[in-house]
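Novice: one predicted model, sequence on top.
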Amino acid sequence: MIVSTVVLALVMIALGYLRNLPLLCLIAAIGGIAWIMLVSCFNVATQEASPTWVRARALGAYLVVYQGGTAIGSLLWGTLAASLGDPLAILLAALGAVLGLAAGLRWHLADSEKQDLRPWHVTVPRLLIEPRLQEGPVMVQTEYCIDPQRAEDFLRAMHEVRLMRERD
Amino acid sequence: MQNSPEMQTVLIRTFFFIFFISGLWALLPVIVKQDLRLGAAGYGLLLGCIGVGAVVCAAVLPQIQRRIPVVDPR
């Protein structure tokens, strides 16, 4: 990811400053390689960060960010190119992309193959009433049998469970 | 969404990526026209080269990814 981003940034700088068309064609092809690696990386990361039952929603949010980011970015880089000139604008965009990697320090794309987001069932839920398809909303209650001695630990753990339960 | 930190991470990283890299797609036509002084054919040629690189890479990506970790190194 770091390598591909740096390569793509170098390609952008080359496109801004080199004027040799055959050379630029070769560089553009290298840029295409870096580009597809990065895009597929983000696609996979989105799918792996979401469980199957909300994957479509997650991909929707991803596409909004992706296309929205393109729109906002293009507006900025176009405006900058108009005032600073194209080579400087694309140089700034390339430098920004490399500096943007620093976001990985705070927001680390984890190796999400390690997290298992599949639904987990101990027992099949016992239905008190069988709701019809149009009926709702429904309330689902989960009862936990815990050791009273460890109630404190349980409460602490439940704060994390709450976060997970409130995912939508 | 606000309760899934993993998803937020992916979206934030995607934004940081696409916001800056969009400069490539936004400025490529302008560079071709104003700086390289080429027309539609020149733009098509460069865009096509990017596409060729992407297609070739997509074909060999499974082999590459077995050797290079896709995500950030720890």
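Specialist: Thanks, I have it.

Novice: for residue B:56, grab the count of nearby residues.
Specialist: For residue B:56, the neighbour count with other C-beta atoms under 10 Å in any protein chain shown is 14. Any C-beta I mention is one placed from the backbone N, CA and C, and that applies to glycine too.

Novice: so who does it touch?
Specialist: A:29, A:32-33 (C-beta atoms under 8 Å, 6 or more residues apart in numbering or on different chains).

Novice: tell me which helix or strand it sits in.
Specialist: Using DSSP states H and E, residue B:56 sits within helix B:40-67.

Novice: and what of residue A:135?
Specialist: Applying DSSP H and E, one finds residue A:135 in no helix or strand.

Novice: list the buried residues for the helix holding residue B:56?
Specialist: By 16 or more other C-beta atoms under 10 Å in any protein chain shown, the buried positions in helix B:40-67 come out as B:42-43, B:45-47, B:49-51, B:53-54, B:57, B:61.

Novice: ok, and the closest non-adjacent residue to the residue nearest the centre of chain A?
Specialist: The C-alpha lying nearest the average C-alpha coordinate of chain A belongs to residue A:46 (C-alpha atoms, centre = their mean; 4.7 Å). The spatially closest residue to residue A:46, leaving aside those adjacent along the chain, is residue A:62, at 4.2 Å (C-beta to C-beta, 6 or more residues apart in numbering or on different chains).

Novice: how about the one you found, secondary structure?
Specialist: helix (DSSP: H, G, I helix; E, B strand; the rest coil).

Novice: list the contacts for it?
Specialist: A:42-43, A:46, B:10-11, B:14.

Novice: dump the residue contacts of the residue most central in space within chain B.
Specialist: Ranked by distance to the mean C-alpha position of chain B (C-alpha atoms, centre = their mean), the top residue is residue B:21 at 6.7 Å. Contacts for residue B:21 were tallied using C-beta under 8 Å, 6+ apart; they are A:8, A:12, A:35, A:38, A:73, A:93, A:97.

Novice: can we see that at 6 Å?
Specialist: residue A:97 (C-beta atoms under 6 Å, 6 or more residues apart in numbering or on different chains).
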